[in-house]
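Novice: here is the input, now give the coordinates:
(chains A, B and C)
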Amino acid sequence: MRHLATWSILGLTLTFLIGPFLIIILAGASATDYLAFPPEGLTLKWYLKVFTVESFRASFALSMALAIFGTFMALLLGVPAAYALNRYDLPGAETLRTIVAAPIIVPGIIVGLALLRYMVVPTGVTVTLALFMAHTALVLPYAVRVVSSSMTNLRADMEEAAVLLGCSRLQAFTKVVLPNIRGGVLAAFILGFVTSFNQVPVSLFLSGPGVRTLPIDMLAYMEITFDPSVAALSALLAFMSLAIVFTAERLLGFSRYV
Amino acid sequence: MFRNTREGLALALPAAIFSTLLFLVPVGILLSEAFRSGGSWSLQGYIDFFSTPLNRTVFLRTLKLGVLVAGTAAVIGYAAAFCIVNLGPKSRGKVFGMVVLPLMISPVARTYAWIVILGRTGIVNEAITGLGLSDTPLRLLFTETAVFLGLLQLFLPLMIISLVSAMENIPRDVIPAARVLGASWIAVFFKVILPLTKEGLVIGGTLVFTGALTAYITPAILGGSKVLMLETLLYQRVNVSNDFVSASVIAMILIVMSFSANLLLKRIATARS
Amino acid sequence: MKTTLSLLALASAFGTAAHAEDKTLTISVYSFAQDEYKEALYDPFEAICGCDLVVETGNSVERMAKIEANAADPVIDMAVISTQDALALARKGLIQPLDGAKLSNFDKLYDSAKDPIGDHMAVGYTFYASSIVYRSDLVDIQSWGDLLGEDLAGQVALPNITTTQGPLTLMMLGKAEGVEGDLSPVISEIGAHSDDIVTFFSRSSELVQLMNQQEVIAAPVGRFAWGSFRDAGLPFAWAEPEEGQAGGMNVMVMTKGNGNEELAYQFMDYWLSTEVQTKIGEMLIDSPANKEVELSAEAAENLTYGADVIESLNIMPAAEVLDKREGWVEQWNAEVIQ
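Specialist: Okay, here's the model as predicted:
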């Protein structure tokens, strides 16, 4: 009985969440020149077309680089901050928390515009660098919040005990804290990666000659045609991400930490 | 809690400085334009904004949809998260992976899927006419319902992830213990689960509400110009009229709305415990 | 003709080869048919000028914003945009006048393309007609006024006021209803029918989708989008309303103080050449603004082609759109989408 209830709740939720994805996969294989579901005739031509669109390749590489390095940078800044905010009695901790969390609640379009008008134009930094910084700033709140949340219920006395037993503070952090928040860090990385990879409004104004993120490129593509290749590309990207999550699960036992 | 403040600050400050310099400063300058009118400080931008009926409608619609999406996500989120946490380790990883999956898909494509689903000849309408609920297909696209569904689908995973991650910290025997002692499920939820997951709810609620507020693509594609929300209105102000004052006013309103939501959720969470 | 041009091209290639090695020209264009432009225009031009062509694409709003944001140190050397966007840039002092004498193909243009927005700030490179695409098996369209008629209630889409097609639709609806000059009664009329209109779209690609899934059975579109409907397999037709077709033009502009004028002129001239305009026309991408272009019957059928057609288009002056748009948008916001 409880099993039935559990699985019906999960089944409905997952249908709602995954259904559109299945539709995208199939619609990407429709032989029509527009998106159709159920697909009318099946073809792989849109899936193949994705690889022949030159701009998709360049923008994919840029988005990948931004998502990986931006998220890595955000974790480098965010994990120590989350640790400090949880473990130290800091003056102005709330202010710090708010500052770090700020990028999440500012509408992306304003961020992009602000960075273009007050950073790229006056200082002459390249658009790519501006994108990198914007993406790092955007991922930072996720890094801090998710890692923080996984740290909240981790008892500080374990770490204190480790220190009393002769560990240095750094050792205590790497041996006691880090293994316990590994799931949180990984979750933050995946969340950050995805946020960055799919970010649209911020990157809308931050594009330069030959520099354009993948979602912006997909949007630009859709301004010309709604042909199913964007659906096909989305499906391929989702499979790529699925492979990442699957690997994370296999190698690190992701689900134990979430 | 460690007492060494200097050490703590050294760890926390790089993030704060980065965020301030690369984010708050440029955005702050842009936002200050909302208080500028003819070279002097003024609230005229706000007065003008709220004196326009369309703007008020859009503001209220955005608030309404934000609350509805966050509220619905919380209800579904708790149910789903509770089920996930209680699964065996194997299925738990798989189910969690499936929850995360939609986040991996570009919002462009996820929104675009709804165009097909909610269309006159889409599966929802086929079901409705097939079941005899309506003789003619319903117009679902370009309505608040479409935007609501699109936003919910977009942000529900964030709520579930936050809640799962908070719930895993509830000690395993607490809930069975409460049940054995005769607590009803409702009591268990309000007395045990909610207090122990409030952090997750605050994070999830803020993420979903803010996400719904500041999403651009979903209201743009599923609502179009008939269901404007603040973000699409803002885009229109920048785009059509190059009106940075209005855009800054809207941005300011969005920011205030998200901050208030965050504070309110925190307040509620602390009040309950 | 072609030989002369190729010789000219060859000569200019040799002439500039010595200095051309590090030259880069950055252009800003609609993100549309880029593969075809690359084949017909960009690649041959790069071979001729010995320079690198950097192509920026996007919708006009983003591209305009970028030109404005980089006004002090232009990244974009030349751009192709709509007449009203060109006029907006001209009024902000972001573009410079063009010297027809520096364009060897200037005299071959239709007269209306030579100085479409005044002060020689732009030259037209393509025309487009705008009419109504409809499902000929379900409805019949005789007039622009049919858009608000009972047959289409609940199944018609109109372009948003903020798009290029929006004001054109207002103008033609006004013509159908006998409204001259002030178009505000037309907006009120649309407002009264707001519930009958499925959506106010901003991209024709979106409309292709909506019409194919039968959400919408009639809507005004530009001729450049006709191909996507014609090939879709459903019985779509291009209306020939009694009020005629609306029309517009896209133009080339040069950003002010870009320091790359010589190359930009060379590129514009090449684009306006009979050879390139013919090639792009035959690919069904852009209708020619060069009146010496001779198209095959098939291309002519799909494009806005020929002096008769071009002279009969109802074109709205760029200044009218630019000056009145804000008022229209305000009224639209209050009465149509409220």
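
Novice: what's the burial count for the residue of the stretch 51-200 of chain C found nearest chain A?
Specialist: The nearest approach of the stretch 51-200 of chain C to chain A comes at C:V54, 4.1 Å away (C-beta to the nearest C-beta). Heads up, the C-betas are built off the backbone N, CA and C, glycines and all. Here the number of neighbours of C:V54 (other C-beta atoms under 10 Å in any protein chain shown) works out to 17.

Novice: so which helix or strand takes in it?
Specialist: Assigned by DSSP states H and E, C:V54 falls within strand C:52-58.

Novice: after that strand comes which helix or strand?
Specialist: Per DSSP H and E, the helix or strand that comes after strand C:52-58 is helix C:60-69.

Novice: re earlier: what residues sit buried inside the strand holding C:V54?
Specialist: Buried residues in strand C:52-58, defined by neighbour count with 16 or more other C-beta atoms under 10 Å in any protein chain shown: C:L53, C:V54, C:V55, C:E56, C:T57, C:G58.

Novice: distance-wise, check C:A86 relative to C:E150.
Specialist: According to C-beta to C-beta, to the nearest Å, C:A86 stands 40 Å off from C:E150.

Novice: okay, the two: which has more neighbours?
Specialist: Legend: neighbour count by other C-beta under 10 Å for C:A86 and C:E150, higher for C:A86 (28 against 8).

Novice: lowest average confidence, helix or strand, in chain B?
Specialist: When each helix and strand of chain B is scored by mean pLDDT, DSSP states H and E, strand B:36-37 comes last, with a mean of 70.

Novice: show me chain C divided up by domain.
Specialist: Residue ranges for the domains of chain C, per automatic domain parsing: C:2-127+C:248-315, C:129-247+C:316-335.

Novice: show me where pLDDT drops low in chain B?
Specialist: When residues are selected by pLDDT under 70, those of chain B lie in B:1-3, B:37-39, B:239-241, B:271-273.

Novice: how close does the residue nearest the centre of chain C sit to C:G124?
Specialist: Among the residues of chain C, the one closest to the centroid is C:N250, at 4.0 Å (C-alpha atoms, centre = their mean). Counting by C-beta to C-beta, the gap from C:N250 to C:G124 is 7 Å.

Novice: any common contacting residues for these two?
Specialist: The contact sets of C:N250 and C:G124 overlap at C:T83 (C-beta atoms under 8 Å, 6 or more residues apart in numbering or on different chains).

Novice: hang on, the earlier thing: want to throw the buried residues of strand C:52-58 into CSV with pLDDT?
Specialist: CSV is the format used below for these (pLDDT from 0 to 100):
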residue, pLDDT
C:L53, 94
C:V54, 91
C:V55, 90
C:E56, 86
C:T57, 80
C:G58, 72
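
Novice: what does the stretch 151-273 of chain B put close to chain A?
Specialist: With C-beta under 8 Å from any C-beta of the partner chain as the criterion, the stretch 151-273 of chain B meets chain A at residues B:152-153, B:156-157, B:160-162, B:164-166, B:168-169, B:199-200, B:203, B:206-207, B:210, B:213-214, B:216-217, B:231, B:234-235, B:238, B:247-248, B:250-251, B:254-255, B:258-259, B:262.

Novice: distance from the chain centre to stretch C:302-313, please.
Specialist: In terms of C-alpha atoms, centre = their mean, to the nearest Å, the centre of stretch C:302-313 is set 14 Å apart from its chain centre.

Novice: quick one: contacts of it?
Specialist: The contact list for stretch C:302-313 (C-beta under 8 Å, 6+ apart) reads C:110, C:112, C:127-129, C:223, C:226-227, C:230, C:244-248, C:281, C:284, C:286-288, C:291, C:295, C:299-300.

Novice: the longest strand belonging to chain C - contacts with which helices or strands?
Specialist: Identified as the longest strand of chain C according to DSSP state E is strand C:123-135. Judged by 3 or more C-beta pairs under 8 Å, 6 or more residues apart in numbering or on different chains; DSSP states H and E, the packing partners of strand C:123-135 are helix C:111-114, helix C:165-177, helix C:204-212, strand C:218-222, strand C:236-238, strand C:246-255, helix C:261-272, strand C:287-288.

Novice: please work out which of the ones you listed is packed deepest.
Specialist: When the helices and strands packed on strand C:123-135 are scored by mean count of other C-beta atoms under 10 Å in any protein chain shown, the highest mean neighbour count falls to strand C:287-288 (a mean of 30).

Novice: buried stuff in the helix or strand following it?
Specialist: Sequence order places helix C:297-302 as the next helix or strand after strand C:287-288, per DSSP H and E. Buried positions in helix C:297-302, judged by neighbour count with 16+ other C-beta under 10 Å: C:A299, C:A300, C:N302.

Novice: check contacts around A:S234.
Specialist: A:I24, A:G28, A:M218, B:I105, B:S106, B:V108, B:A109, B:R110.

Novice: one more time with 10 Å, if that's ok
Specialist: Applying C-beta atoms under 10 Å, 6 or more residues apart in numbering or on different chains, one finds that A:S234 lies in contact with A:21, A:24-25, A:27-28, A:50, A:215, A:218, A:228, B:104-110, B:112-113.

Novice: same check on B:I170?
Specialist: A:N153, B:F82, B:V85, B:V192, B:I193, B:P195, B:L196, B:T197.

Novice: center of the chain, which residue is that?
Specialist: Because you didn't say which chain, this covers chain A. Closest-to-mean residue, chain A, C-alpha atoms, centre = their mean: A:V194 / 2.2 Å.

Novice: could you do chain B instead?
Specialist: Mean-position check on chain B, C-alpha atoms, centre = their mean. Result B:V208 at 1.9 Å.

Novice: that one is in what secondary structure piece?
Specialist: Short version, using DSSP H and E: B:V208 is in helix B:194-214.

Novice: same check, this time on A:F51
Specialist: Assigned by DSSP H and E, A:F51 falls in helix A:45-52.

Novice: returning to that earlier point: helix C:204-212 and the longest strand of chain C, what's the angle between them?
Specialist: Using axes from the mean of the first three to the mean of the last three C-alpha atoms, to 10 degrees, the inter-axis angle of strand C:123-135 relative to helix C:204-212 is 10 degrees.

Novice: now do strand C:123-135: distance to the chain's middle.
Specialist: Centroid separation between strand C:123-135 and its chain, computed with C-alpha atoms, centre = their mean, is 8 Å.

Novice: next SSE after it?
Specialist: Next along the chain after strand C:123-135, taking DSSP H and E as the criterion, comes strand C:156-159.

Novice: ok, C:L173 touching C:P159?
Specialist: No: the criterion here is C-beta atoms under 10 Å, and C:L173 misses it with C:P159 at 11.3 Å.
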